[in-house]
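1. Starting from these lines, generate the structure:
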Amino acid sequence: MASSPPDTSKTVKLERYNSYIRKINSTKLLNASSKLLFRATLLIALVLILFFTINYPPLLSTDSDHRRFLSTALFTSTADTAGSSIGGANWEKQVRHSSTPRRPNGMSVLVTGAGGFVGSHCALALKKRGDGVLGLDNFNSYYDISLKRARQSLLTKHQIFIVEGDLNDDVLLTKLFDVVPFTHILHLAAQAGVRYAMQNPQSYVASNIAGFVSLLEVAKAANPQPAIVWASSSSVYGLNTNVPFSESHRTDQPASLYAATKKAGEEIAHTYNHIYGLSLTGLRFFTVYGPWGRPDMAYFFFTKDILQGKTINVYKTHDEKDVARDFTYIDDVVKGCLGSLDTAEKSTGSGGKKKGPAQYRTYNLGNKSPVPVAKLVSILENLLGVKAKKHVVKMPRNGDVPFTHANVSLANRDFGYNPTVDLSSGLRKFVKWYVNYYGIQSLTKKGAINNSSEQQAEDSA
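-> This is a model prediction of the structure:
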């Protein structure tokens, strides 16, 4: 008798049951994974929405507003002194208000280095006569930042807004030119100082060359292109021995890196004038001094050291001659800057393309009267009523030149530049400002030094 086949029905049923259980578990796992992924995606989306809501203004419906948002989104959330984010609506309002002229046919001027010595004085002078002025400054720490901030506060009282930013920030510069159609640029921002170049040479290249090129690049692409007046330096004359220094003299022997960067700036300016039709005027300043000046300048730190009873170094040349400078008072330099702006012709390019020859000029702005540094010290002694502790030493080989003397006949011919303040008168104004600004009560009580520091600034701007 044949045996019956084994009963597999129970095994099949068990396999089907296990398969069913596996499918159930798989479905549950898939559903759980989907929910987890959905929740994670939702959380990320909420975080992104919150981030953009806090950091950037909402997208608006028009194309122009959309472009404005995209431009704004390129900026960081750095706050300016008024508390408005750079690129925001309130920031743009301040920029436009400050740069709008208040007199018929007035200029709209971008003043770079507006927190600096010459820049702050020029910005005030332009604003007072009704021109629109917008400042730009990075407030670096080359010297006392609190002095720069004090200048900024003075400008703010006269409704001059300073944008805090760097010349090498191409996006910021482009934004400024998108917001304001500047008619002129007064480019005074620079890394100054002859001696400091031996400690930090890269800062001179970054500011005086790369920063200048960045500004010219934006200006060449503007429509209309602005006319540009910028600060070169008497240092470009370097080892020149022909006196007085004239604009036609050779300037290919710089004695310092600072001078070399300023000479490079003149050549770069000529290139942009030739290729792109930018109107460019370079001003060679000769040892500018006065109220709100730079603490790294001899007249400034001599005053400080004499009052503190410290010894000062008075230099002689290696052949025992007096070191002399063509000291130029700030008010005279401001008049030269404004005269240059007033006589600057329009640029001839548009959108980066030259349409005709453009004006290119270079001028000396000096006092026509070099004074030995020893005489400077003597004047300060008389004004301060304190005898200086002097240490006469040979001039170090650090890039300084022994003598400067400006021929200003070209500037006089073209825009009536005529310096009128002699060193004694100018230093008297500086000392009055100095003792008031730094609160030196003993001297204030002794002499006729009784004007407030702010009034001193008003008088000299």
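2. could you measure K157 against Q191, distance?
-> 28 Å (C-beta to C-beta, to the nearest Å). Just so you know, the C-beta spots here come from the backbone N, C-alpha and C atoms, and that holds for glycine as well.
3. The two: which is more packed in?
-> Q191 (22 against 11; other C-beta atoms under 10 Å).
4. Can you report phi and psi for N138?
-> Backbone torsions for N138, taken as degrees, to the nearest 10, come to phi -100, psi 0.
5. Touching, it and D166? I think so.
-> Yes: look at N138 against D166 with C-beta atoms under 8 Å: they come within range, at 4.6 Å.
6. And for R149, the neighbour number?
-> R149: 14 surrounding residues under other C-beta under 10 Å.
7. now for the strand or helix carrying it, which elements pack on it?
-> Using DSSP states H and E, R149 sits within helix 145-157. Packing contacts for helix 145-157, counted by 3 or more C-beta pairs under 8 Å, 6 or more residues apart in numbering; DSSP states H and E, involve helix 117-128, strand 132-137, strand 161-164.
8. out of the ones you listed, nearest to I268?
-> Of all these, strand 132-137 sits nearest to I268, with 18.9 Å by C-beta to C-beta.
9. ok, that closest one: who's next to it in the sheet?
-> strand 108-112 (parallel), strand 161-164 (parallel) (DSSP bridges).
10. Give me the mean pLDDT for the longest one.
-> When you say that, I think you mean strand 108-112. For strand 108-112, the mean pLDDT works out to 98.
11. do stretch 218-237 as well
-> On average, the pLDDT along stretch 218-237 is 96.
12. Kindly report the same for stretch 410-419.
-> Stretch 410-419 carries an average pLDDT of 98.
13. Please write out the alpha-carbon positions of it in CSV.
-> Provided in CSV are the C-alpha atoms of stretch 410-419 (Å, rounded to 0.1, in the frame of the first residue of the first chain):
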residue,chain,number,x,y,z
LEU,A,410,49.6,126.1,-11.3
ALA,A,411,46.9,125.8,-8.7
ASN,A,412,46.8,129.6,-8.3
ARG,A,413,46.4,130.0,-12.0
ASP,A,414,43.7,127.4,-12.4
PHE,A,415,41.5,127.9,-9.4
GLY,A,416,42.9,130.8,-7.4
TYR,A,417,44.7,128.8,-4.7
ASN,A,418,46.5,131.2,-2.4
PRO,A,419,47.5,130.0,1.1
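14. ok, and for that stretch, which residues are buried?
-> Buried residues in stretch 410-419, counted by 16 or more other C-beta atoms under 10 Å: 410-412, 415, 417, 419.
15. So which of the residues you listed are in helices?
-> Those of the buried residues of stretch 410-419 mapping onto helices are 410-412, 415, per DSSP state H.
16. Pick the one among these closest to F161.
-> Distance to F161 across those (C-beta to C-beta) is lowest for F415, with 27.9 Å.
17. Now the closest one: closest residue in space, sequence neighbours ignored.
-> Sequence neighbours aside, G339 is the residue nearest to F415 in space, at 3.4 Å (criterion: C-beta to C-beta, 6 or more residues apart in numbering).
18. Give me the pLDDT for the one you found.
-> Looking at G339, its pLDDT is 98.
19. now D400
-> Looking at D400, its pLDDT is 69.
20. what do you get for L14?
-> Confidence at L14, expressed as pLDDT, is 55.
21. Likewise for S3?
-> 49.
22. swap in F38?
-> Per the predicted model, pLDDT is 59 at F38.
23. burial of the nearest residue to V386 once chain neighbours are set aside, as a residue count?
-> Among residues not flanking V386 along the chain, I306 sits closest, at 5.3 Å (C-beta to C-beta, 6+ apart). Each residue near I306 was counted by other C-beta under 10 Å, and the total is 22.
24. and if you look at the one 4 residues further on?
-> Neighbourhood size, K310 [other C-beta under 10 Å]: 12.
25. Please tell me how far it sits from V435.
-> K310 sits 17 Å away from V435, going by C-beta to C-beta.
26. same question, E381
-> From E381 to V435 the distance is 15 Å (C-beta to C-beta).
27. more crowded one of those two?
-> It is V435, of E381 and V435, that has more neighbours when counted by other C-beta under 10 Å, with 24 against 15.
28. Could you say which helix or strand holds the more buried one?
-> Assessed by DSSP H and E, V435 sits inside helix 423-437.
29. What is the nearest of the buried residues of stretch 410-419 to Y363?
-> Using C-beta to C-beta, A411 comes nearest to Y363 of the buried residues of stretch 410-419, at 4.3 Å.
30. List the backbone torsions phi and psi for the residue nearest to F415.
-> The phi/psi pair for G339 (degrees, to the nearest 10) is phi -60, psi -40.
31. I'd guessed it sits against G416; true?
-> Yes: counting by C-beta under 8 Å, G416 is a contact partner of G339 at 6.3 Å.
32. how about the residue nearest to V386, what does it touch?
-> I306 sits next to 312, 380-381, 384, 386, 388-389 when contact means C-beta atoms under 8 Å, 6 or more residues apart in numbering.
33. Make CSV from those residues and add pLDDT, secondary structure and distance to Q152 to it.
-> Compiled in CSV, the contacts of I306 are given as follows (pLDDT from 0 to 100; DSSP: H, G, I helix; E, B strand; the rest coil; distance: C-beta to C-beta, whole Å):
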residue, pLDDT, secondary structure, distance to Q152
I312, 96, strand, 30
L380, 98, helix, 28
E381, 97, helix, 33
L384, 96, helix, 28
V386, 96, coil, 31
A388, 96, coil, 33
K389, 96, strand, 35
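34. Great, nothing more from me.
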